[in-house]
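Only the shape, not the letters, is given here:
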Ligand SMILES: [Zn+2]
């Protein structure tokens, strides 16, 4: 989830104590639409994890049989 500072237009995932790390303002808003973009990324990492497990299983299978 990304945030955007309404005082200095800082944009990023990091917040310092609930405020903007650039200007210290607490006037932070959520960026809409970013959450939707984040889902394909998590799906991709799931696919990568799955591929790694399949590769591992294949290597083990190849070794023992
Ligand atoms: Zn700011």
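Good, I have the coordinates. The structure presented is a predicted model; accordingly, all values stated were derived computationally and were not measured.

from here on, contacts and neighbour counts on C-alpha atoms
Fine.

Get me the contact residues on this structure for the ion.
5, 8, 20, 22, 23 (CA under 5 Å from the ion).

Rounded mean pLDDT for the helix or strand hosting residue 60, please.
Residue 60 is part of helix 34-64, with elements assigned from DSSP states H and E. Averaging pLDDT along helix 34-64 yields 82.

For it, could you pull out the residues that count as buried?
Within helix 34-64, no residue counts as buried by 16 or more other CA atoms under 10 Å.

Can you pull the domain assignment for this structure?
With domains defined by automatic domain parsing, the chain comprises 1-31, 39-65.

What residues sit buried inside the first one?
By neighbour count with 16+ other CA under 10 Å, domain 1-31 contains the buried residues 2-5, 11, 15, 19-21, 24, 26, 28, 30.

Which of the residues of the chain next to the ion fall within helices?
Assigned to helices by DSSP state H, none of those qualify.

Dump the residues you listed to a markdown table, plus pLDDT.
Formatted as a markdown table, the residues of the chain next to the ion follow (pLDDT from 0 to 100):
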| residue | pLDDT |
| --- | --- |
| 5 | 92 |
| 8 | 94 |
| 20 | 93 |
| 22 | 92 |
| 23 | 94 |
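
Dump the residues you listed to a markdown table, plus distance to residue 64.
Shown next, in a markdown table, are the residues of the chain next to the ion (distance: CA to CA, whole Å):
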| residue | distance to residue 64 |
| --- | --- |
| 5 | 57 |
| 8 | 60 |
| 20 | 55 |
| 22 | 56 |
| 23 | 60 |
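
now, which of these sits nearest residue 62?
residue 20 (52.8 Å; CA to CA).

Give me the distance between the closest one and residue 5.
Per CA to CA, to the nearest Å, residue 20 is found 6 Å from residue 5.

How about residue 32?
For residue 32, the distance to residue 5 equals 13 Å [CA to CA].
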